[in-house]
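Student: No letters, just coordinates:
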């Protein structure tokens, strides 16, 4: 399972990219708005940091023609750009055109198996299922991602599955067990993934014991 960062904070991206644990970045209009910077400026900054890894940038048009125009413009910025398209009928039309042109696409805001299937059949390179938001309305986000993966495997669908709206460690572990291709997470989860109380306890014990080792005088 690859880890993407779901953020537009270039400082956070650089910090974790330098560790070699980040395989890509996802953004959306809400995340971009938090930076206080112009959209294209932020995307170009991220592209520069991650050096060829996928950078997801979302269109804001609601009609197919607008999405197609924006998608082409975004794709022209850099070969690493993945064009995010919302899951809707107009979005499916846009995905079909862009995919036929060889543009990498990610259908976002997927909340059901049928949506995932339609996105894949339209030609989406990636399909993003939203776990946390499904949980919020009483559903089971991990079960959704498991079902999508099972169906894609059953029918030999090549679209990669992205787990989005990941809120906590349970989501991350569930995604890994389900065999998801990519888990895109807020950078705030990275320390939790790397740390464990027993690791800290063990390290402290090693340091205490090391003090007892005789040294040459």
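Tutor: Received, thanks. Model, not experiment: these values are computed from the prediction.
Student: When you work out contacts or count neighbours from here on, use the C-alpha atoms and nothing else.
Tutor: Fine.
Student: residue ranges with poor pLDDT in this structure?
Tutor: Across the chain, nothing is flagged by pLDDT under 70.
Student: So which residues of it form helices?
Tutor: Along the chain, the segments classed as helices by DSSP state H run 10-17, 29-33, 39-50, 64-77, 89-100, 113-122, 131-136, 141-154, 169-178, 190-194, 197-210.
Student: Need these in a markdown table (columns: mean neighbour count and distance to residue 217).
Tutor: Formatted as a markdown table, these follow (neighbours: other CA atoms under 10 Å; distance: least, CA to CA, whole Å):
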| stretch | mean neighbour count | distance to residue 217 |
| --- | --- | --- |
| helix 10-17 | 16 | 41 |
| helix 29-33 | 14 | 58 |
| helix 39-50 | 17 | 49 |
| helix 64-77 | 18 | 63 |
| helix 89-100 | 20 | 71 |
| helix 113-122 | 20 | 69 |
| helix 131-136 | 17 | 59 |
| helix 141-154 | 18 | 59 |
| helix 169-178 | 17 | 48 |
| helix 190-194 | 11 | 38 |
| helix 197-210 | 11 | 16 |
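Student: got a markdown table for these, with distance to residue 23 too?
Tutor: Shown next, in a markdown table, are these (distance: least, CA to CA, whole Å):
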| stretch | distance to residue 23 |
| --- | --- |
| helix 10-17 | 8 |
| helix 29-33 | 19 |
| helix 39-50 | 8 |
| helix 64-77 | 19 |
| helix 89-100 | 22 |
| helix 113-122 | 22 |
| helix 131-136 | 20 |
| helix 141-154 | 20 |
| helix 169-178 | 15 |
| helix 190-194 | 13 |
| helix 197-210 | 25 |
